[in-house]
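Engineer: Sequence plus the predicted model coming up.
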Amino acid sequence: CEEIAKAIAAETGGETMAAPWHAGDWEGAPDFVGRVLERFGRVDVLVNNAAIAPQFMSVAEMTSEFWDKVMSVNLKGPLRLSGLVAPRMAAQGGGAIINVASVGAYRGSPNNSAYSVSKAGLINLTQAMAAEWAPLNVRVNTICPGPFLTPMLVGGERSQPGYIAAAAGRPML
């Protein structure tokens with residue numbers, strides 16, 4: 001985190017902070033938000049971009065542990081962090097929350113149901129947050145990128161050769 005924060009600061013000239021936190025750690029989220037507020041005094045924009053798709057698993061083979069792990073990072077993490085930050089944004093006059101979902105939310109794919117469901121849930125959660133927080137001047141939106149080369153896609157290719165080509169050839173919606 002320190003290395004990345006320094007690289008971003010060098011590239012942009014902006015002020016950065018390394019603040020590690022696991023997006024699935026519900027209890028650790030208040031401390032994370034507290035460290036950010038202590039350093040910067042406010043949060044104007046929150047981008048919920050953490051996500052996992054740790055392996056491929058069929059619906060029939062799905063385990064409770066696997067399902068919970070994916071939902072914890074991809075859905076509960078944005079819920080928790082947004083719920084902590086939105087009231088502070090409202091108190092300072094407003095802000096923006098951007099949830100990063102995926103085109104995978106619109107079309108399930110074999111052996112990747114937990115990821116697709118988590119991202120579909122994030123879209124619906126975004127709509128609920130937007131409706132609740134619009135009167136507080138907190139804007140909430142979702143972006144749904146298509147496939148592009150990320151460490152998650154590279155990991156998919158390692159565990160399932162041909163995954164990148166399949167992702168690139170899959171209809172978006």
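Structural biologist: All right, it came through fine. Numbers count the residues shown, from 1 in each chain.
Engineer: Find the centremost residue of the protein, please.
Structural biologist: The centre of the chain sits closest to residue 49, judged by Cα atoms, centre = their mean, with a distance of 3.2 Å.
Engineer: Now for it: which residues touch it?
Structural biologist: By Cβ atoms under 8 Å, 6 or more residues apart in numbering, the residues touching residue 49 are residue 100. Heads up, the C-betas are built off the backbone N, CA and C, glycines and all.
Engineer: Against residue 78, how distant is it?
Structural biologist: Note on residue 49: its distance to residue 78, by Cβ to Cβ, to the nearest Å, is 9 Å.
Engineer: What of residue 126?
Structural biologist: Between residue 126 and residue 78 the computed distance is 8 Å (Cβ to Cβ).
Engineer: More neighbours: those two, which one.
Structural biologist: residue 78 (30 against 21; other Cβ atoms under 10 Å).
Engineer: pull the CA atoms of the strand or helix carrying that one into CSV?
Structural biologist: Residue 78 belongs to helix 77-91 when assigned by DSSP states H and E. The C-alpha trace of helix 77-91 is given here as CSV (Å, rounded to 0.1, in the frame of the first residue of the first chain):
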residue,chain,number,x,y,z
GLY,A,77,-18.0,-4.2,1.8
PRO,A,78,-19.6,-1.5,-0.3
LEU,A,79,-22.7,-1.6,2.0
ARG,A,80,-20.7,-1.1,5.1
LEU,A,81,-18.3,1.5,3.8
SER,A,82,-21.0,3.6,2.1
GLY,A,83,-23.2,3.4,5.2
LEU,A,84,-20.3,4.8,7.3
VAL,A,85,-19.3,7.5,4.8
ALA,A,86,-22.7,8.8,3.5
PRO,A,87,-23.7,10.5,6.8
ARG,A,88,-20.4,12.3,6.9
MET,A,89,-20.8,13.4,3.3
ALA,A,90,-24.3,14.7,4.1
ALA,A,91,-22.9,16.6,7.2
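Engineer: and the next helix-or-strand element following that helix with helix 77-91, angle?
Structural biologist: Note on helix 77-91: by DSSP H and E, the next helix or strand toward the C-terminus is strand 95-100. Angle of strand 95-100 versus helix 77-91, following axes from the mean of the first three to the mean of the last three Cα atoms, to 10 degrees, is 170 degrees.
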